[in-house]
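Colleague: Sharing a model prediction with you, sequence too.
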Amino acid sequence: MITKVFVLYTGGTIGMAPKDPKDPFSPLEPKPLEDLLKYIPGAIRDPEAKFQTEEAAELAKNGTSFLELPNGNLIIFGYGGIKPVDSSDIIPSNWREMARKIHDVYDEYDGFVILHGTDTMAFTSSALSFMFENLAKPVVITGSQLPIASTRTDAVLNFVNALNVAGYRATDLPLIPEVVIVFADRIIRGCRASKVSTADWAGFNSPNFPLLGQIGEHIVIYTNYVLPPPASNKKFFVKEDLDESVFDISIFPGFTPEKMAKIFRDKDTNGIIMRTFGTGNVPNNLKFLDIIEAAVHEDEKLVVNLSQCTVGTVEMGLYEASNGLLERGVLSGLDMTPEAALTKLMWTLGTQFGDGRIAQMQISQRGEQTENLFDLRFGGVSPDKPIDVYTNATSPDGRFNRDRISRAMLRITQLGVVGASDGDTIRVRAYMNMPSAKHATSPDEERCVAEMKFSYEAEPKTRMKNITYNTQNVIGSGDVVLTIMADRQAKDAVSSDWTPVKMHFKGLYAAIYAKA
C-alpha cells in the first residue's frame with residue numbers, strides 16, 4: 001500500500017544543522033527540508049538502494065522521496081514550506097500561510113506533518129485546530145528539543161513518529177482527523193497541548209484531557225478520545241478570519257483599577273483573556289469590577305475568565321470573589337489551555353457577531369474544553385416597576401443536548417423584594433417550562449427547579465441555587481421557560497402562611513453545563 005504525506009517545513013530547532021557539514025561546531029542554520037530526510041532511517045530516493053518491492057524500486061528510479069516500512073508499505077513525501085522562522089517570531093499571518101498551504105494540497109494527500117519550533121507550537125496547533133473546518137485527515141505537528149544533526153537528538157524519532165501517525169493508511173494505525181502534536185512518547189490534541197518543559201524530551205503535555213495516544217515499542221491510539229471525522233459530504237475549508245486585537249493578562253496581588261483601565265478600556269482591544277486566581281476569582285473591588293463591566297457592555301469587548309492554575313477549571317459563582325464577574329458579563333474559559341483560549345478568542349471574534357460570539361466562546365468547537373456552558377439569560381425587572389410573577393423564555397444554542405447535562409446553576413442577581421420587613425423569611429421559587437405557575441402552585445411540583453429561603457434584607461443581593469437534578473428531569477429540547485415569584489413569611493406566622501410580595505432583580509440566569 002502507498003500513502004501520501006505532505007511535509008510542511010516552517011523552521012525551528014528540528015531543521016538546524018551546522019553551516020559547514022565537515023565542522024560540527026560551526027554555527028547552526030536552517031537546512032532545506034530534503035536535507036532533513038537524510039537523517040530519517042528508511043527515507044529513500046537512491047535508485048541503487050535495496051528495496052522490498054519492485055514498486056519501491058520504480059519510485060526511486062523516478063526520483064521520488066519515500067519511506068519504506070517494515071511491512072512493505074510506502075509513505076510518499078510531498079514537500080512545502082514557508083520562509084523558515086524562529087517559532088518565537090511566529091505571528092497569525094504565519095498560521096494563515098500554513099493553513100493555505102495545507103488547503104492547497106489537501107485533496108492530494110492522506111495526511112500532513114508540520115515541522116515547527118517548540119516555543120509557540122501549542123499556539124500554532126490550537127490556532128490551526130480552529131481554522132480547519134471539516135478536517136477529515138491527520139495534521140501532525142512536531143519538532144525537537146535538539147537539532148536533527150545533533151548526536152543526541154530527539155528530532156529523528158519525533159519526525160518518524162509523526163510520519164507514522166500522518167501516514168496511518170500505510171502504518172495500519174487508526175485515523176486521527178484532528179490537529180495533533182506528536183512529541184516524545186505522546187500524541188496530544190492540538191488545542192489541549194501546552195509546553196511544560198524546556199529540558200525534558202517530553203516537552204508538551206495535556207493538562208486537562210487524556211492523551212490521544214502513547215508511543216513506546218508500539219504506537220497506541222486511544223480511539224475513544226479521538227473526535228469522529230466529519231460527514232463525507234462536508235468539504236474541508238479554512239476559516240482564516242482571525243481578529244488579532246486581543247490581549248492576555250494575569251491578575252496579581254496589587255493589580256490596581258488604574259492599571260486595569262489602561263488595558264480593558266483600550267480602544268484597539270476587542271477581546272481579553274483574564275487569567276484569574278483559583279477557580280476564577282478576582283479581588284472584590286467595585287472599581288475593578290466596574291471597569292470590567294464598562295469594557296463588556298460599553299465597549300462590547302469579550303472578556304474571558306481563565307484560571308492561572310494549569311490543572312482544573314473556572315467555576316464562576318462558586319465563591320463570592322467570582323460572582324461579580326458573572327454579573328458583569330465575563331465569559332468562562334472553563335478548562336481551556338491559555339494557548340487554546342487565546343487563539344479561540346481570535347477566531348471567535350473574527351468569525352462570529354453579536355451574541356453568537358458569547359455562545360461560541362463557551363461551547364467546545366474542536367474538543368478544547370471538557371464541558372460546554374450554556375449561559376441562558378432571561379432578563380431583569382427594574383426596581384421602579386417590581387412585579388408579582390416573572391416569566392421569560394430563551395433558546396439554548398443548537399448544540400445543547402439535555403442528555404449530557406452535568407450541572408446547572410440558577411442565579412438571580414441583585415434580587416430585592418417589596419412588601420417585607422425585618423424578621424420575615426423570604427421564599428423564592430423558580431419553575432422551569434411551566435409558564436402557568438402561580439403563587440398558589442406547590443413547591444413540590446416537579447417543575448419547581450429551585451426553592452430558596454432566606455431572611456429579609458433591605459439591600460438587594462445575588463442569590464444562587466444548584467438546580468442540576470431538577471433541570472435534568474424537566475428541561476426539554478426547545479426553548480427554556482423560567483417563571484419565578486417571591487413570598488414572605490412573617491416571623492410569628494405558621495409554617496404554611498406565605499404572603500406574595502413583589503420583586504425586582506438585575507438579571508435572571510441559568511448556567512447549564514453539559515459534557516462536550
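Modeller: Nice, I can see it.
Colleague: residue ranges of the helices in the stretch 101-250 of the chain, please?
Modeller: 121-131, 155-166, 168-171 (DSSP state H, counting those that start in this stretch).
Colleague: swap in the chain?
Modeller: Assigned by DSSP state H, the chain shows helices spanning 33-36, 54-61, 92-105, 121-131, 155-166, 168-171, 257-264, 286-297, 320-327, 338-351, 355-361, 468-474.
Colleague: among those helices, which is the most enclosed?
Modeller: helix 121-131 (a mean of 27; mean count of other C-beta atoms under 10 Å). (Each C-beta comes from the backbone N, C-alpha and C, glycine too.)
Colleague: Which strands or helices does that one pack on?
Modeller: When contacts are defined as 3 or more C-beta pairs under 8 Å, 6 or more residues apart in numbering; DSSP states H and E, helix 121-131 sits against helix 92-105, strand 139-142, strand 179-183, strand 194-195, helix 338-351.
Colleague: number of nearby residues for Asp422?
Modeller: Other residues near Asp422 come to 9 when the count uses other C-beta atoms under 10 Å.
Colleague: Next: Val389.
Modeller: Val389 has 18 neighbours, counted by other C-beta under 10 Å.
Colleague: do Lys83 as well
Modeller: Quick note: Lys83 (other C-beta under 10 Å) scores 9 neighbours.
Colleague: go on, Phe77?
Modeller: 22.
Colleague: Skip the chain neighbours and tell me the closest residue to it.
Modeller: Nearest residue to Phe77 in three dimensions, chain neighbours excluded: Ser65, at 4.5 Å (C-beta to C-beta, 6 or more residues apart in numbering).
Colleague: Can you check the pLDDT for that neighbour?
Modeller: pLDDT, Ser65: 84.
Colleague: For Ala60, which residues are in contact?
Modeller: Ile44, Arg45, Asp46, Pro47, Ala49, Phe51, Phe66 (C-beta atoms under 8 Å, 6 or more residues apart in numbering).
Colleague: how about the residues you listed in TSV, adding distance to Asn372?
Modeller: Putting these into TSV (distance: C-beta to C-beta, whole Å) gives the following:
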residue	distance to Asn372
Ile44	48
Arg45	48
Asp46	53
Pro47	55
Ala49	53
Phe51	51
Phe66	43
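Colleague: Mind putting these into TSV with neighbour count and distance to Lys235?
Modeller: Formatted as TSV, the contacts of Ala60 follow (neighbours: other C-beta atoms under 10 Å; distance: C-beta to C-beta, whole Å):
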residue	neighbour count	distance to Lys235
Ile44	21	35
Arg45	17	34
Asp46	9	39
Pro47	13	39
Ala49	12	40
Phe51	18	37
Phe66	24	29
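Colleague: for Tyr109, what are its contacts?
Modeller: Counted by C-beta under 8 Å, 6+ apart, Tyr109 has contacts Lys4, Val5, Phe6, Gly78, Lys137.
Colleague: I meant Lys31, not that one.
Modeller: Gly15, Met16, Ala17, Ala149.
Colleague: And the furthest pair within those residues?
Modeller: Greatest spatial distance in the contacts of Lys31: Gly15 and Ala149, 9.5 Å, computed using C-beta to C-beta.
Colleague: Pick out whichever of the two has more residues nearby.
Modeller: Gly15 (27 against 19).
Colleague: just checking, the more buried one touches Glu29?
Modeller: No - using C-beta atoms under 8 Å, Gly15 is not in contact with Glu29, being 9.2 Å away.
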